[in-house]
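Enquirer: Sequence and predicted model, in that order:
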Amino acid sequence: MGYGKWIAGGLGWALFGPIGGLIVFAVGSLLSSPEVKLSAQRLSKTTRGDFNVSLVILVAAVMKSDGKVLKSELDFVKIQFIKLFGASTANDALLMLREILKKEIPVQDVSQQIGRNLDSSSKLQLLHFLYAVAKSDGHIHQSEIKVIDFISHHMGISIKDSDSIKFMFIDNVDSAYKILEIEKSATNEEIKKAYKKLAIKYHPDKVSYLGKDVQKAAKEKFQNLSDAYEKIKKERGFN
């Protein structure tokens, strides 16, 4: 199995701590693979491989949260993995996911390790993907919301940022305002300022170092923000 090839750019901090333990469980031969090499320089920064394995492990945690793994979830994840990793390596990611689904995941420890090492924009991108997986069967279950909130908290994401991503997938009368991290009583000028601030935070270029495919996926999150802003503008009648 070409796991070394799939974890593009090798592994840095993710090869250690609780995430490293899960990787060793899923791929016993990974450490001896000539394709996976570490260096002191690599350990000092996040690699694409670190992001990839973090994503797979957190996806497994969400899929396990409601006590059953649905075919619709696996089908959705497969499609997303193909978009993120390419068809040639998505199968390896799915094989790793299936192995990790068999293992008890120390969600708090894993989330804290990711929180210490990933930048804010990358953590928000992970969160967006987790909600997309949770909604892949057409409905986000309370158990899934609970575990994603738990993950978000232990990654160090603020409640406002977490809710902003959450309400991109949970539609209610106040969703657009939650996405923009403002109250419904906000003035038009406050709404404009909030949008400009988040447009910078959610810009796809913030995750460009993770590769063009992740950057492309981040455009969906950016579009959700723009749609929320346009909805409020239409309701209020301002430009």
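Expert: Cool, got the structure.

Enquirer: Could you tell me which ranges of the chain sit under the pLDDT cut-off?
Expert: Where the chain drops to pLDDT under 70, the residues are 1-10, 28-45.

Enquirer: which residue packs closest to residue 229, ignoring adjacent ones?
Expert: Closest residue to residue 229 apart from its sequence neighbours, by C-beta to C-beta, 6 or more residues apart in numbering: residue 195 at 4.6 Å. Every residue, glycine included, has its C-beta placed from N, CA and C.

Enquirer: Give me the neighbour count for that neighbour.
Expert: Per other C-beta atoms under 10 Å, the neighbour tally for residue 195 reads 21.

Enquirer: what sits up against the host helix or strand of it?
Expert: Using DSSP states H and E, residue 195 maps to helix 188-201. The contact list for helix 188-201 (C-beta atoms under 8 Å, 6 or more residues apart in numbering) reads 120-121, 124, 164, 180-182, 186, 222, 225-226, 229, 232-233, 236, 238.

Enquirer: how about the helices of the protein, start to end?
Expert: For the chain, applying DSSP state H gives helices covering 3-6, 17-26, 40-43, 48-64, 71-85, 87-100, 107-117, 120-134, 142-155, 159-166, 175-179, 188-201, 212-236.

Enquirer: Please identify the most buried of those helices.
Expert: helix 48-64 (a mean of 24; mean count of other C-beta atoms under 10 Å).

Enquirer: Would you pull up how far that one lies from the middle of the chain?
Expert: The chain centroid and the centroid of helix 48-64 are separated by 8 Å, computed with C-alpha atoms, centre = their mean, to the nearest Å.

Enquirer: Over to stretch 126-135?
Expert: On C-alpha atoms, centre = their mean, the centre of stretch 126-135 falls 6 Å from that of its chain.

Enquirer: Pull that stretch out as PDB, backbone CA atoms only.
Expert: Output in PDB follows, covering the C-alpha atoms of stretch 126-135 (Å, rounded to 0.1, in the frame of the first residue of the first chain):
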ATOM      1  CA  LEU A 126     -10.900  20.900   8.900                       C
ATOM      2  CA  LEU A 127     -14.000  21.900  10.800                       C
ATOM      3  CA  HIS A 128     -15.800  22.800   7.600                       C
ATOM      4  CA  PHE A 129     -15.000  19.400   6.200                       C
ATOM      5  CA  LEU A 130     -16.300  17.600   9.300                       C
ATOM      6  CA  TYR A 131     -19.600  19.300   9.100                       C
ATOM      7  CA  ALA A 132     -19.900  18.400   5.400                       C
ATOM      8  CA  VAL A 133     -19.300  14.700   6.300                       C
ATOM      9  CA  ALA A 134     -21.900  14.900   9.100                       C
ATOM     10  CA  LYS A 135     -24.500  16.300   6.700                       C
END
